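**Q** Build me a structure from this.
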Amino acid sequence: MCGIVGVVGKRPCVEILLDGLRRLEYRGYDSAGVATINGGDFTILRSAGKLSKLARLVEQGAPEGTVGIGHTRWATHGRPSEANAHPHRFRDTVVVHNGIIENYAALKRELMVQGHEFTSETDSEIIAHLVQRALEHDHDLVHAVRSALMRLHGSFAVAVLNVKYPDRIVAARRMSPLVVGLGDGESYLASDVPALLQVTRRFQFLEDGDLALLEREGVRLFSVDTLTEVRREVRTVSWTPAMAEKGGYKHFMLKEIHEQPRSVSDTLRPRLGLSQGEVVLDEMGALDKRLAGISRVTLLACGTSYHAGLVGRRLIEDLARLPCEVEVASEFRYRNPLVDSSHLVVAISQSGETADTIAAVQEARSKGAAIASICNVVDSTLARMADSVLYTYAGPEIGVASTKAFTCQMAVLALLALWLGRRVGTLDADRAATFVQGLTELPVQMERVLERNGHILDVARKHQRVRSMLYLGRGVSHPIALEGALKLKELSYVHAEGYPAGEMKHGPIALIDDSVPSLFVVPNGPTWEKTLSNMEEIRSRSGQVVAVVTEGNRQAAELADDRFEIPECLPELSPFLTVLPLQLFAYHVADLKGTDVDQPRNLAKSVTVE
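**A** Alright, predicted model coming up:
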């Protein structure tokens, strides 16, 4: 959520700023703006709504400055409006900010007593005032920004311009992502790598507490606390801009759904050894010495990643026979959790920048836990915080509603469960070999499910005007029911709830009538027959039934008004297949309703504030 782009260049920079902001639209936003320095003053353009409105303002009179910053805002303090859009200006200083300033109210009162007047409702505007005030006493922009930041409590990625220092940007981060890009006689800044792929592939990833001075000649990094210089490795990113294009699909999300067989294969293939049943997780080497002392696994995640964790819990407990719990990261640190050095804590996040998950990991680390992370973005904050990091090879995921990251997270969790089972001695070679064979077959089976997209569209047409749905599943299908319901809510704004099918009689059945369809996830496995009785109960109350069933299961198919079929597979791996028709169903319902599929209202791709 929120995006920052900055340029210190030798050519007009506004198009670079706009292009970078477009590439950050996936993060979610409700207003946008740019500021450039030209002729000893700022040109600031801002608008509420989509970037197209800002682009029209630029077309009416493009700023000519070679130094500038841009921002897409996702409202926290203050409604979406032009006045609350970034950049914010106070006298000679302009600021953009991601994050939340927790003590902004006290700081604002202090500044107002000193005669400062504010033009927005945001917490971010106070940063411009604090920097400007600091410049009155210290005529150095780096020192002034550092002085202002030392007053702030909360999270921030911030970039600052000042007209008296027209050839530089000063930026800093605390618990909010920020990268700098290195060019030929130009320096760049962004909150995520894709924003800058058109202009550079060479990046430095700022750590918490880093302050950056961007000039045409290059970038210097300092510690905010001490102002001593620090060094960060320059990394070359291999993603191409084309990887973020739609590839002929109507939406990024549809493209990403269809990319899942390949992304799951890319995630699995390098980690499956040559000998039968072997899993190679060299990334876990840093935790080798601690493994003998691990007695419990805790998975930390939010949203879709939490649902992947629920699948992972079953796999870890089944294959490794280690107690495993899944925690909603936003709740974890507020209940004095029982975590110690005998715990392996695994944080799951597509972006690696999820604020709640980062805070939960900090809590777990402070209690001595071993930390591993599962994420999709190299050198993200969670990746750097972990003792070991297991990357998903999903590639850029642009659609706000996660799809391919989810299946890749499940793939990594399956590998981790296998690896733990073999290392602690609870999983015999024959069962491991069977499981690995099941994993290798998944990409082809996923392709077969996706080939039925036309049928799924037909079912979506029947239900496009539904106002509420129940999603039900037992065992490993329960997390998929939760994920299917979440996707329908996120994309189409239809009320949907996921439940364990066995809980239906304990309340949700009261909702059933002919206007509330139920979608059952009922693949072959140990509990499918029990689920049939729940389907019968829905039908007896005039409820419509949609079901995800295994090919050839006539009993389940005959109880459904509509069905989505999946190939036969290991029951433990069925979530990789059952989730696909639910993703497509949610996508098609949303598309038929005309909602913004790639950027659903009020949502953000990377939730970088608590």
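**Q** Name the nearest residue to residue 210, sequence neighbours excluded.
**A** With sequence-adjacent residues excluded and distances taken as CB to CB, 6 or more residues apart in numbering, residue 210 is closest to residue 221, at 5.5 Å. (C-beta placed from N, C-alpha, C; glycine too.)
**Q** what about stretch 400-413, average pLDDT?
**A** On average, the pLDDT along stretch 400-413 is 96.
**Q** For the helix or strand hosting residue 443, name the packing helices and strands.
**A** With elements taken from DSSP states H and E, the one containing residue 443 is helix 429-450. Applying 3 or more CB pairs under 8 Å, 6 or more residues apart in numbering; DSSP states H and E, we find helix 429-450 packed against helix 260-268, helix 303-319, helix 404-424, strand 562-566, helix 575-593.
**Q** Now do that helix against helix 260-268: the angle between them, please.
**A** Helix 429-450 runs at 150 degrees relative to helix 260-268, counting by axes from the mean of the first three to the mean of the last three CA atoms, to 10 degrees.
**Q** On the pLDDT front, check residue 40 for me.
**A** So residue 40 comes in at 86 (pLDDT).
**Q** Check the gap between it and residue 58 for me.
**A** In this view, residue 40 and residue 58 are 21 Å apart by CB to CB, to the nearest Å.
**Q** If you count surrounding residues, which of the two has more?
**A** Using other CB atoms under 10 Å as the criterion, residue 40 and residue 58 rank with residue 58 on top: 17 against 8.
**Q** Please tell me I have it right and the more buried one contacts residue 43.
**A** No. The pair residue 58 / residue 43 is not scored as a contact, 9.8 Å apart, by CB atoms under 8 Å.
**Q** the bottom helix or strand of the protein by mean pLDDT?
**A** Every helix and strand in the chain was compared by mean pLDDT, DSSP states H and E; the lowest is helix 288-291, with a mean of 84.
**Q** in its sheet, what does the helix or strand that comes right after it sit against?
**A** Downstream of helix 288-291, the next assigned helix or strand under DSSP H and E is strand 296-301. Here strand 296-301 is paired, per DSSP bridges, with strand 324-328 (parallel), strand 343-349 (parallel).
**Q** one step back: could you tell me the least trusted of the helices and strands packed on helix 429-450?
**A** Ranked by mean pLDDT, these bottom out at helix 260-268, with a mean of 91.
**Q** which secondary structure elements does it contact?
**A** Checked by 3+ CB pairs under 8 Å, 6+ apart, helix 260-268 has helix 404-424, helix 429-450 packed alongside it.
**Q** so it versus helix 575-593, what angle?
**A** 140 degrees.
**Q** and the strands paired with strand 296-301 as a markdown table, adding distance to residue 391 and mean pLDDT?
**A** Converted to a markdown table, the strands paired with strand 296-301 look like this (distance: least, CB to CB, whole Å; pLDDT from 0 to 100):
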| stretch | distance to residue 391 | mean pLDDT |
| --- | --- | --- |
| strand 324-328 | 21 | 96 |
| strand 343-349 | 12 | 96 |
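**Q** Export those strands to CSV and append columns for mean neighbour count and distance to residue 23.
**A** Output for the strands paired with strand 296-301, formatted as CSV (neighbours: other CB atoms under 10 Å; distance: least, CB to CB, whole Å):
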stretch, mean neighbour count, distance to residue 23
strand 324-328, 20, 30
strand 343-349, 28, 20
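**Q** closest one to residue 427 among these?
**A** strand 324-328 (14.4 Å; CB to CB).
**Q** For the helix or strand following the closest one, the averaged confidence score.
**A** Next in sequence after strand 324-328, counting helices and strands by DSSP H and E, comes helix 329-332. What helix 329-332 shows for mean pLDDT is 92.
**Q** Who are the packing partners of helix 329-332?
**A** strand 296-301, helix 355-366.
**Q** out of those, deepest packed?
**A** strand 296-301 (a mean of 25; mean count of other CB atoms under 10 Å).
**Q** Next, the angle from that strand to helix 355-366.
**A** 160 degrees.
**Q** CA atoms only for strand 296-301, dumped as PDB, please.
**A** Extracted in PDB, the C-alpha atoms of strand 296-301 (Å, rounded to 0.1, in the frame of the first residue of the first chain):
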ATOM      1  CA  ARG A 296       7.300 -27.000  17.900                       C
ATOM      2  CA  VAL A 297       6.600 -25.100  14.700                       C
ATOM      3  CA  THR A 298       4.600 -21.800  14.600                       C
ATOM      4  CA  LEU A 299       3.500 -20.300  11.300                       C
ATOM      5  CA  LEU A 300       2.800 -16.600  11.200                       C
ATOM      6  CA  ALA A 301       0.800 -15.000   8.300                       C
END
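**Q** Can you tell me what sits against it?
**A** Strand 296-301 is contacted by residues 308-309, 312-313, 316, 320, 322-329, 332, 339, 342-349, 357, 360-361, 364, 369, 413, 420 when judged by CB atoms under 8 Å, 6 or more residues apart in numbering.
**Q** ditto for stretch 179-187
**A** 7-11, 169, 171, 188-193, 196, 199-200, 202-206, 212, 214-219, 221, 234.
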